[in-house]
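Participant: Could you work out the structure for the sequence below:
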Amino acid sequence: MAQSPAADDGLAEMQQLEAILEAGAGRLHACRVGEVQARGQRFPLYTASIGSNDPNAPAIGFFAGIHGLERIGTHLLLDYMRMLLWRLEWDALLERQLQSVRLLFMPIVNPGGMWASTRANPNGVDLMRNAPQDAVGRVPPLAGGQRVGAWLPWYRGRRGAPMETESAAVLQVAAQQLQGRPLSFALDCHSGYGWGDSIWFPYARTAAPMAHLPEMFALKTMFEQAHPHHGYAFEPQSRQYLLHGDLWDWAYDHTPPGNIFLPMTLELGSWLWIKKNPRQLFSRQGIFNPVKAHRTARVLRRHANLLDFLGRVAYAPERWLPQGQRREALLELATAQWQDGKPR
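Facilitator: The predicted structure is shown next:
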């Protein structure tokens, strides 16, 4: 694979991604799904996929780097991609799993923001506030998304303007490679919120429940049973706060009827890293990423179980997808646990 101009200009994560794509050329299907510019530099938007070519096979999309300052999610996916390639040299069970499941990676959604060390993209737009829908309910000032201008954080973009190139690319990838299947998942890796790690799912725009609440509750229950000490808070994002323009709300609401698409956000809580090392507050990178090498290594080890888990449940969905009375029972349990009518 030819090296991108961005790699020459010091974006280490892009260099690592292109090295992985080159090393995995015999197994990974790499694709450029767009290109963005920042200060005269051009940055490619890459996806890489591996596994079953059956268009009806379950698929999992792993995304990261939507916010340029949140590099740890990108590092998690790059590390996992390397691990998969090494395991495929000897892991016959993984090889068999990938005959029935498709894995998709988009580890650097916002390379321009990552290169410039900004949360927003090069146009000053917060990509996770950029979809056109408005929240149904009260959002936190600024943080819920604002249209005043790019000089303030959490800028959604101008009303009525097309979505940003990066946002549109994420939604196009999801629509073409995930949502058209009978069953698919998305895991979008972020950091910077809370004392612990969270798994959030739609909705972010409303406290109303998503249609697939029983399926989400089944996932949560199975993960807790398989990893009882996982430590995640697994809940609708609306229980924390509402926001305008969430990309995964938009994708979920535009999934073809009859298909099951379960998008999740892995929110790596960085406040604990700051508590352990308060000097990180004086670094833009340190607010959103572990700075100490041993903490970074711990993060990369800790979350691989979640990524593996999604691949396993996608392999045999008929063994766990709820139907009939069981689905009704799970809906009651999920409603009792998650739907109190208000965000916290």
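
Participant: which residue ranges form the helices in the stretch 151-300 of the chain?
Facilitator: Secondary structure of the stretch 151-300 of the chain (DSSP state H, counting those that start in this stretch): helices located at 165-174, 213-226, 247-253, 271-276, 284-288, 293-302.

Participant: what are the C-alpha coordinates of the first one, in PDB please?
Facilitator: What follows is helix 165-174 as a C-alpha-only set of coordinates in PDB (Å, rounded to 0.1, in the frame of the first residue of the first chain):
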ATOM      1  CA  THR A 165     -17.200  14.400   5.100                       C
ATOM      2  CA  GLU A 166     -16.100  12.200   8.100                       C
ATOM      3  CA  SER A 167     -19.700  12.000   9.500                       C
ATOM      4  CA  ALA A 168     -21.100  11.100   6.100                       C
ATOM      5  CA  ALA A 169     -18.400   8.500   5.600                       C
ATOM      6  CA  VAL A 170     -19.200   6.800   9.000                       C
ATOM      7  CA  LEU A 171     -23.000   6.700   8.100                       C
ATOM      8  CA  GLN A 172     -22.300   5.400   4.600                       C
ATOM      9  CA  VAL A 173     -20.100   2.600   5.900                       C
ATOM     10  CA  ALA A 174     -22.700   1.700   8.500                       C
END
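
Participant: and it, what other elements does it pack with?
Facilitator: Applying 3 or more C-beta pairs under 8 Å, 6 or more residues apart in numbering; DSSP states H and E, one finds that helix 165-174 makes contact with strand 29-38, strand 41-51, strand 59-64, strand 102-106, helix 247-253. All C-beta atoms are positioned from the backbone trio N, CA, C, and that covers glycine.

Participant: Skipping its backbone neighbours, what lies nearest V139 in space?
Facilitator: Once flanking residues are discounted, V139 sits nearest to L242: 4.8 Å by C-beta to C-beta, 6 or more residues apart in numbering.

Participant: re the thing from before, the helices and strands packed on helix 165-174: which one's closest to W200?
Facilitator: Of all these, it is helix 247-253 that lies closest to W200, at 8.9 Å by C-beta to C-beta.

Participant: What residues of the closest one count as buried?
Facilitator: 247-252 (16 or more other C-beta atoms under 10 Å).

Participant: pLDDT at A2, what is it?
Facilitator: Predicted confidence (pLDDT) for A2: 54.

Participant: Also A293?
Facilitator: 76.

Participant: Could you do I274 as well?
Facilitator: 64.

Participant: measure E235 to P44 for me?
Facilitator: 35 Å (C-beta to C-beta, to the nearest Å).

Participant: oh, I was asking about H29
Facilitator: 15 Å.

Participant: What of Q323?
Facilitator: 43 Å.

Participant: cool, R96 as well?
Facilitator: On the measure of C-beta to C-beta, R96 and P44 end up 32 Å apart.

Participant: Where does the prediction get shaky in the stretch 201-344 of the chain?
Facilitator: Low-confidence segments of the stretch 201-344 of the chain (pLDDT under 70): 270-277, 279-292, 340-344.

Participant: who has more neighbours, H29 and P44?
Facilitator: P44 (19 against 15; other C-beta atoms under 10 Å).

Participant: partner residues bridging the more buried one?
Facilitator: As for beta bridges, P44 partners with E35 under DSSP bridges.

Participant: thought it was touching E35?
Facilitator: Yes: judged on C-beta atoms under 8 Å, P44 makes contact with E35 at a distance of 5.5 Å.

Participant: what's the closest non-adjacent residue to D134?
Facilitator: Nearest to D134 is H244, by C-beta to C-beta, 6+ apart, at 5.2 Å.

Participant: Likewise for T118?
Facilitator: According to C-beta to C-beta, 6+ apart, the nearest residue to T118 is G68 (5.1 Å).

Participant: contacting residues around that neighbour?
Facilitator: 110-121 (C-beta atoms under 8 Å, 6 or more residues apart in numbering).

Participant: Among these, name the buried ones.
Facilitator: 110-116, 118-121.

Participant: how about the strands in the stretch 51-200 of the chain?
Facilitator: Using DSSP state E, counting those that start in this stretch, the strands of the stretch 51-200 of the chain run over 59-64, 102-106, 183-191, 198-201.

Participant: how far does the longest one sit from the chain's center?
Facilitator: To tie it back to what came earlier, the one meant is strand 183-191. Taking C-alpha atoms, centre = their mean, to the nearest Å, the mean C-alpha location of strand 183-191 is offset from the chain mean by 4 Å.

Participant: Contacts for that strand next, please.
Facilitator: 58-64, 66-67, 70, 72-74, 76-77, 128, 174, 178, 248, 251, 259-270, 288-289, 306-307, 310, 314, 317, 321.

Participant: Would you list the strands that it pairs with, along with their directions?
Facilitator: strand 59-64 (parallel), strand 260-268 (parallel).

Participant: most packed of these?
Facilitator: strand 59-64 (a mean of 25; mean count of other C-beta atoms under 10 Å).

Participant: what is the mean pLDDT for that strand?
Facilitator: Strand 59-64 comes out at a mean pLDDT of 98.

Participant: and the angle from that strand to strand 102-106?
Facilitator: 20 degrees (axes from the mean of the first three to the mean of the last three C-alpha atoms, to 10 degrees).

Participant: please begin residue numbering at 16 from this point
Facilitator: Sure thing, new numbering starts at 16, so read that last one as strand 74-79.

Participant: the inter-axis angle of strand 74-79 versus strand 56-66?
Facilitator: 150 degrees.
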